[in-house]
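**Student:** Sharing a model prediction with you, sequence too.
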Amino acid sequence: MGKQPVNAGWGLGGADTYSIWLYKGGGDCHHKWRRETYKFTGEGKASIGKSDNISTGKAEREGYRVRNPKEVSMRPTDMEDNGFVNKKR
């Protein structure tokens, strides 16, 4: 989605694309991403119904590093410049 125009003109310097991963719907947006971590519990090939949703802490205790930039879980309205890539004047 970061390579497709979602909100044309909202990107850096007026570009048609921006990181939707970090900025979701753009400036003043109230959306945020919620992390869900799954552990495969079956045998062989992974498929639907054979995984459990586990906590990030449990995944890390089992040896997995689960990290994202802090902005991923923040609402743009709570970010610096209210999530506007181009500062509002």
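**Tutor:** Sure, I can see it. In this text the structure is predicted, and so the values were computed from the model without any measurement. Residues are numbered from 1 along each chain as shown.
**Student:** residue ranges for the strands of this protein, please.
**Tutor:** Counting by DSSP state E, the chain has these strands, from start to end: 37-40, 51-54.
**Student:** Which neighbouring elements make contact with the first one?
**Tutor:** What it means is strand 37-40. strand 51-54, helix 56-61 (3 or more Cβ pairs under 8 Å, 6 or more residues apart in numbering; DSSP states H and E). (Each C-beta comes from the backbone N, C-alpha and C, glycine too.)
**Student:** do that again at 6 Å, thanks
**Tutor:** On a contact count with 3 or more Cβ pairs under 6 Å, 6 or more residues apart in numbering; DSSP states H and E, strand 37-40 meets strand 51-54.
**Student:** Contacts for the strand it packs on next, please.
**Tutor:** When contacts are defined by Cβ atoms under 6 Å, 6 or more residues apart in numbering, strand 51-54 is touched by residues 36, 37, 38, 39, 40, 41.
**Student:** Parallel or antiparallel, which strands does it pair with?
**Tutor:** Here strand 51-54 is paired, per DSSP bridges, with strand 37-40 (antiparallel).
**Student:** So what touches the strand it pairs with?
**Tutor:** 46, 51, 52, 53, 54, 56, 59, 66.
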